[in-house]
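In: I'll drop the sequence and a predicted model, then ask my questions.
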Amino acid sequence: MRIQHTGAYAASTGIPSQRARARSRGRLLRDLREREGRGPRSLTFAAGDLVVVSGLPGSGKSTLMKRAARGGAIDSQDVRERWEARVPRLLPYALYRPLVRIAHYAALRRVLRSGASAIVHDCGTQSWVRAWLAREARRRGRALHLLLLDVTPDTARAGQHARGRGVSAYAFGRHRRAVGRLLRAAESGSLPHGCASVTLLDRAAADSLRSIGFRQAA
């Protein structure tokens, strides 16, 4: 595996095509943390590839996607907000959460069946979602990439407080364990199964990104 650590970085980062990766005989880990905001301003992937954005609740996944995703953004938070606008305010989210999840995965399925590139919000605990995306990427002859936000639990809780929406201590603990496993695996050079690349981002690196997109198909 090739590992790119901190250092000078171009304003636009291109991730090689699947054929180029096969020639390199390795998968790619990019560590963009601890650069004090001097990381790349854009990440560009091959047309038809799939990108998963993962991290703790409150780490800034949805904020990053809203600001930087260029086409094909699938965020469960968007689905939740649409439902919240329709249901009575006094109705607890827990009562209609299963419907929100069904709607989210149905939308994701439609995009995957279309063959289009996609940037997908992932909470970190749903490993079956990444496995599903990896299978779909293989089926279409493309690649799956993981963008992993690495923030402290206190920073994530502050993010939850700022958006006025939090998770239970039990759920947050599950997220911490799942994201921690992903981080430890990546830092040790072991990429999640099915991922062609992993890019590690701290808050400063995520804030620096202005574009996450895909090259035009040939």
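Out: Perfect, thanks for sending it.

In: CA atoms for contacts and neighbours, from now on please.
Out: Noted.

In: Now do the helix or strand hosting residue 212: everything it contacts.
Out: In this assignment (DSSP states H and E), residue 212 forms part of strand 211-214. Residues outside strand 211-214 that contact it (CA atoms under 8 Å, 6 or more residues apart in numbering) are 41-49, 67-71, 117.

In: ditto for stretch 66-73
Out: 65, 111, 116-121, 209-214.

In: how about that stretch: buried residues?
Out: 68, 69, 70, 72, 73 (16 or more other CA atoms under 10 Å).

In: Neighbours of the residue lying closest to the first one once chain neighbours are set aside, how many?
Out: Looking back up the chat, that one is residue 68. Nearest non-adjacent residue to residue 68, counting by CA to CA, 6 or more residues apart in numbering: residue 211, 4.2 Å away. Residues lying near residue 211 (other CA atoms under 10 Å) number 18.

In: Show me what the most centrally placed residue in the chain is bridged to.
Out: Of all residues in the chain, the one closest to the mean position by CA atoms, centre = their mean is residue 53, 0.5 Å from it. Per DSSP bridges, the residues bridged to residue 53 are residue 121, residue 147.

In: pretty sure it contacts residue 118?
Out: No - the pair residue 53 / residue 118 is not scored as a contact, 10.7 Å apart, by CA atoms under 8 Å.

In: Could you point out the helix or strand that follows the lowest-mean-pLDDT helix or strand in the chain?
Out: One helix or strand of the chain scores below all others by mean pLDDT, DSSP states H and E: helix 18-24, with a mean of 34. Later in the chain than helix 18-24, the nearest helix or strand by DSSP H and E is strand 28-31.

In: what residues does stretch 107-116 touch?
Out: Contacts of stretch 107-116 (CA under 8 Å, 6+ apart): 47, 48, 72, 74, 118, 136, 140.

In: same thing but 10 Å
Out: With contacts defined as CA atoms under 10 Å, 6 or more residues apart in numbering, stretch 107-116 is touched by 47-50, 71-76, 79, 101-103, 105-106, 117-120, 132-133, 136-137, 139-140, 142.
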